[in-house]
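K.L.:
Using only what follows, build the 3D model:
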Amino acid sequence: MCVDDHAVVLDGIALVINLQPDMAVVATTTRGEEALDLYKKHRPDVTLMDLRLRGMDGVDTIKSIRKEFPDAHIVVLTMYEGDQDVYRALAAGAAAYLLKDTHSDELIRVVREVHAGRTIDTATPSTASQPALTKREQQVLQLIADGKRNKEIAAALGISEETVHSHLRNTFEKLRVNDRTHALTVAIRRGIIHVR
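P.N.:
Predicted structure coming up:
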């Protein structure tokens, strides 16, 4: 089964998979909620799951599928290496992740490996070594994305403005950026925070 919010991506993946003599795409969807229903109906051997979906996102869809079907084999598709949502998806039970620009031969290889029950370590040294933001640092960034100033962030979180500044300094260092705008851009791209 293929789940992606872009129909053209679904068509391309289906074409590649259906060319294999031992594989067939049994269902496709652009929505997380529908993916759960289609999984129940078709029980696919492997599911390719985008993380950015209409409605329920990919991580929550993975959690829902794996809650009901703990043996589900799921491969995450993502645009960005080091995407924080990828780490959440792997923690939710995905067996591997692939970048969307992965060559089709690699896609087929990973599908076969995951179908065989293997978990693929697709983390690279660059992504594995990136320091993760703390929950509080993520909250501060999310409030910035929501348009809050430092004083409002401090009040919302029950901390001092100096503590907000401290969290921002740490965040800038971890994301390797110099200002709030760049921090937001990187955080949204990597799935650390989401625009609401």
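K.L.:
Only C-alpha atoms from now on, for both contacts and neighbour counts.
P.N.:
Will do.
K.L.:
and the next element down the chain from the strand or helix carrying E152?
P.N.:
Counting by DSSP states H and E, the element that carries E152 is helix 150-157. Sequence order places helix 161-175 as the next helix or strand after helix 150-157, per DSSP H and E.
K.L.:
Quickly list the domain ranges of this protein.
P.N.:
Per the record, the chain has its domains at 2-128, 135-189, by automatic domain parsing.
K.L.:
Comparing the ones you listed, which stretch has the densest surroundings?
P.N.:
domain 2-128 (a mean of 18; mean count of other Cα atoms under 10 Å).
K.L.:
Distance from the chain centre to that one, please.
P.N.:
Taking Cα atoms, centre = their mean, to the nearest Å, one finds domain 2-128 lying 10 Å from the centre of the chain it belongs to.
K.L.:
what about that domain, average pLDDT?
P.N.:
For domain 2-128, mean pLDDT is 88.
K.L.:
Pick out the residue closest to the middle of the protein.
P.N.:
Nearest residue to the geometric centre of the chain (Cα atoms, centre = their mean): D85, 3.3 Å.
K.L.:
Quick one: closest of the domains of the chain to V195.
P.N.:
Among the domains of the chain, the nearest to V195 by Cα to Cα is domain 135-189 (6.8 Å).
K.L.:
for that closest one, how far is the first residue from the last?
P.N.:
Criterion Cα to Cα, to the nearest Å; first-to-last residue distance in domain 135-189 is 18 Å.
K.L.:
pLDDT on it, on average?
P.N.:
Per-residue scores along domain 135-189 average to 92.
K.L.:
Now do the helix holding E152 and helix 161-175, the angle between them.
P.N.:
Relative orientation of helix 150-157 versus helix 161-175 (axes from the mean of the first three to the mean of the last three Cα atoms, to 10 degrees): 100 degrees.
K.L.:
show me where this structure has strands.
P.N.:
Secondary structure of the chain by DSSP state E: the strands cover 2-3, 28-29, 47-50, 74-78, 96-99.
K.L.:
about what we covered before: which strands and helices lie in contact with the helix holding E152?
P.N.:
Packing contacts for helix 150-157, counted by 3 or more Cα pairs under 8 Å, 6 or more residues apart in numbering; DSSP states H and E, involve helix 135-145, helix 161-175.
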